[in-house]
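>>> test case, fold it:
(2 chains)
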Amino acid sequence: MGILEDLYQEIILTRYKNPRRRGRLENPTRTAGGHNPACGDQLELFVELDGDRIRAVRYQGEGCAVSQASADLMAEAVEGKTVAEARDLAERFKAMVVEGAPPDPALGDLAALSGVARLPSRVKCATLAWHALEEALS
Amino acid sequence: MDPRALRRDFPVFEAHPDLVFLDSAASAQKPRSVIEALARFYQTAYANVHRGSYPLSEAATEAFEAARATLAGFLGTPDPDEVVFVRNATEGMNLLAHALGERYLGEGDTVLVTEMEHHANLVPWQQAARRKGARIRAVPITDQGRLDLAALDRLLGEEPRIFAFTQMSNVLGTVNPVAELAERAHRAGAIVVVDGAQGAPHLPVNVRALGADFYVTSGHKMLGPTGASALWGRRELWQELPPFLTGGGMIERVTIEESTFAPPPTRFEAGTPAFAEAVGLAAAAEYLIGVGMDRVWRHDRELTRRALAALSEVPDLRVFGPQGEDRGGVVSFAFPGVHAHDLATFLGQKGVAVRSGHHCAQPLHRRLGVAATTRASFYLYNTEEEVDRLAAVLHEARRFFASWIE
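Residues are numbered from 1 along each chain as shown, chains lettered A, B, ... in the order given. Model (predicted):
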């Protein structure tokens, strides 16, 4: 599969055009902002915690398909997880897109973003939401 | 002018024969003569300038000053001492904003810029205005991507102390009528600062004929090495300005308590300058003079016309900037619903090197109503075939992203 077909799979497109977790939370426990000054992408993340467990995650902002799909898949993936589990998932995700590690099974649909590792200029797009998540959980 | 012949002067195209390089507005490729001038200087003529009283240093100083004279000639001034070497256009603008701000700006004064400025010609003025209690106003642009000259008259009525504007937009390609703008601004009593980062590489420039007071260039965009750029200003204005960076080289007499400063241009060149790179930059200016800037500009225009025609055939593609003769070889575009980065990644994977993002012009993109654009830019080594390749790949992108387009 070509690098373009690999990156722009149906799953990325669907999340970009029909996001499931886009929006804001009225009473978030935590918020964090992400900004990619080189390209102007920005993201605002809302996290609702129930004790140590993530109850809901929403995001809003503006960016490319990679950054938006990554945020949407992330929000869905970490809901229901504990803070420690979410952090662990973030590590696995970064290993995949930054270091080019094979997708960890725990990443599920997020594996669709593995092609980003071959496009150094796009890594920051994929990690934008994850850095915001780590900040929100810290 | 035969770009195919010129291409042979650029070793990068031997290393990457299939590369369609359409990102010269960010930084241009280097001809062999520049690379060799730089290497030759480092290998055979290198010693710090100005203060060495041995032949090698004296020769290096001569080469540095000869480079200044070459850049002065390139910019159309007979006086080499009107040229200050800075690292890049950004440093040039910071120098001017600081020095002009210190000398001329006060509480309630106005600095006039335009809506199409690169951040390098906006943020330094904001900082200077903040320090001095001055304010920034901007000349808006029309829907065609030109400066709104009716609004300009109104804004000049506020008697700005400084009017800083670009000769050529790095996003829209718009070439502004510098001489006319300078004349109007002078009548209103403003000092005229022209951002020639995009203009100097592409247009024949004569700073005196343009009527500017200061003209900022970017060396690496005009075939030179990184790290050295020429900043031109009128001698009588340079003389009045305080220094920007201070320290070695730019002083006359220093005591523990205070210092006096050297005359221009030395006053504005604190520390060891990038003199080897200045020698390389002079080789770049000589290369451009050899080709002929009028021919460079004509070639840019031909490629731009061809690109605008070809891109207008791509369904759904929105192309920014004016359609007339007053634009240079910069073409920004977008498919509604497809983010600029996704499109640039597609083009990049097809071997067409373009840039995407806000191109350091966020206020302009806000005015255009888009977060980002994808930009192709042309230079003397680009061919008609490359423009056609860009159009063909955009047609391909249109099919690839078909379901995304809104």
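>>> close to chain B: what parts of chain A are there?
A:2-4, A:7-8, A:13, A:16-17, A:38-41, A:62-66, A:119, A:121-122, A:125 (CB under 8 Å from any CB of the partner chain). Glycine gets a C-beta too; all of them are placed from N, C-alpha and C.
>>> now the buried members of those residues.
Using 16 or more other CB atoms under 10 Å in any protein chain shown as the burial test, those include A:4, A:7-8, A:13, A:16, A:39-41, A:63-66, A:119, A:122, A:125 as buried.
>>> which of the residues of chain A next to chain B fall in strands?
Among those, the members falling in strands (DSSP state E) are A:Asp41, A:Glu62.
>>> just the buried ones among the residues of chain A next to chain B now: which is nearest B:Arg51?
Closest approach to B:Arg51 among those (CB to CB): A:Cys39, at 44.1 Å.
>>> contacts only, for the nearest residue in space to that closest one that is not next to it in sequence.
Ranked by CB to CB, 6 or more residues apart in numbering or on different chains and with sequence neighbours excluded, the top spatial neighbour of A:Cys39 is B:Gly357, at 4.2 Å. Going by CB atoms under 8 Å, 6 or more residues apart in numbering or on different chains, B:Gly357 touches A:Ala38, A:Cys39, A:Gly40, B:Ala340, B:His341, B:Ala372, B:Thr373.
>>> what about those, which are in helices?
In helices, judged by DSSP state H, the following of the contacts of B:Gly357 are found: B:Ala340, B:His341.
>>> okay if I get the contacts of B:Gly357 as CSV plus distance to B:Ser169 and pLDDT?
Below are the contacts of B:Gly357 laid out as CSV (distance: CB to CB, whole Å; pLDDT from 0 to 100):
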residue, distance to B:Ser169, pLDDT
A:Ala38, 20, 71
A:Cys39, 19, 70
A:Gly40, 18, 72
B:Ala340, 17, 94
B:His341, 21, 93
B:Ala372, 16, 92
B:Thr373, 12, 95
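>>> between the contacts of B:Gly357, which sits nearest A:Leu113?
Set against A:Leu113, the nearest of those by CB to CB is B:His341 (14.0 Å).
>>> skip the chain neighbours and tell me the closest residue to that closest one.
Nearest in space to B:His341, with sequence neighbours left out and distances taken as CB to CB, 6+ apart, is A:Cys64 at 4.0 Å.
>>> what of B:Glu313?
Per CB to CB, 6+ apart, closest to B:Glu313 is B:Ala391, 7.1 Å.
>>> for B:Trp47, give me phi and psi.
One correction, residue B:47 is Ala, not Trp. Main-chain dihedrals, B:Ala47, degrees, to the nearest 10: phi -160, psi 150.
>>> er, B:Glu325 I mean
Torsion angles, degrees, to the nearest 10, at B:Glu325: phi -80, psi -10.
>>> what's the burial count for it?
B:Glu325 has 9 neighbours, counted by other CB atoms under 10 Å in any protein chain shown.
>>> that one and B:Leu308, how far apart?
Going from B:Glu325 to B:Leu308 by CB to CB, to the nearest Å gives 11 Å.
>>> could you do B:Ile162 as well?
34 Å.
>>> these two - which one has more neighbours?
Using other CB under 10 Å, the more surrounded residue of B:Ile162 and B:Leu308 is B:Ile162, with 26 against 17.
>>> distance check, the more buried one against B:Ala392.
45 Å.
>>> ditto for B:Arg305
According to CB to CB, B:Arg305 and B:Ala392 sit 18 Å apart.
>>> and what of B:Asp23?
From B:Asp23 to B:Ala392 the distance is 18 Å (CB to CB).
>>> need the residues of the stretch 101-250 of chain B near chain A, please.
Counting by CB under 8 Å from any CB, no residue of the stretch 101-250 of chain B lies close to chain A.
>>> which residue does the stretch 101-250 of chain B have closest to chain A?
Closest to chain A within the stretch 101-250 of chain B is B:His119: 10.5 Å, counting by CB to the nearest CB.
>>> which non-adjacent residue is nearest that residue?
Closest to B:His119 by CB to CB, 6+ apart is B:Cys360, at 4.4 Å.
>>> what does B:Ser229 give?
B:Gly219 (4.0 Å).
>>> pull the contacting residues for that neighbour.
Contacts of B:Gly219 by CB under 8 Å, 6+ apart are B:Asn88, B:Pro225, B:Thr226, B:Gly227, B:Ala228, B:Ser229, B:Ala230, B:Glu277, B:Leu281, B:Ala284.
>>> and the residues you listed, which is closest to B:Asp81?
Checking these against B:Asp81 by CB to CB gives B:Ala230 as the nearest, at 12.3 Å.
>>> just the pLDDT for the closest residue to chain B within chain A.
When scored by CB to the nearest CB, chain A has A:Cys64 as its residue closest to chain B, at 3.7 Å. At A:Cys64, the model reports a pLDDT of 92.
>>> the residue lying closest to B:Leu303 once chain neighbours are set aside - how many residues pack around it?
In space, B:Leu303 comes closest to B:Phe378 once its chain neighbours are excluded; the distance is 4.3 Å by CB to CB, 6+ apart. B:Phe378 has 30 neighbouring residues, counting by other CB under 10 Å.
>>> please report how far B:Phe378 lies from B:Ser24.
On the measure of CB to CB, B:Phe378 and B:Ser24 end up 7 Å apart.
>>> correct me, but A:Arg21 touches A:Ala75?
Yes - when contacts are counted by CB atoms under 8 Å, A:Arg21 is listed as touching A:Ala75 (3.5 Å).
>>> tell me the one of the contacts of B:Gly357 nearest B:Glu183?
Among the contacts of B:Gly357, B:Thr373 lies closest to B:Glu183 (CB to CB), at 31.9 Å.
>>> please name the residues that touch the nearest residue to the closest one once chain neighbours are set aside.
Excluding the flanking residues, the one nearest B:Thr373 by CB to CB, 6+ apart is B:Ser332, at 4.1 Å. Residues in contact with B:Ser332 (CB under 8 Å, 6+ apart) are B:Val171, B:Leu172, B:Gly173, B:Val319, B:Phe320, B:Gly321, B:His359, B:Thr373, B:Thr374, B:Arg375, B:Ala376.
>>> got it, and B:Gly328?
For B:Gly328, counting by CB under 8 Å, 6+ apart, the contacting residues are B:Met168, B:Gly173, B:Val175, B:Gln198, B:Gly199, B:His202, B:Leu203, B:Trp297, B:Asp300, B:Arg301, B:Thr304.
>>> report the buried residues of stretch A:72-85.
So for stretch A:72-85, counting by 16+ other CB under 10 Å, buried means A:Asp72, A:Leu73, A:Met74, A:Ala75, A:Glu76, A:Ala77, A:Val78, A:Glu79, A:Lys81, A:Val83.
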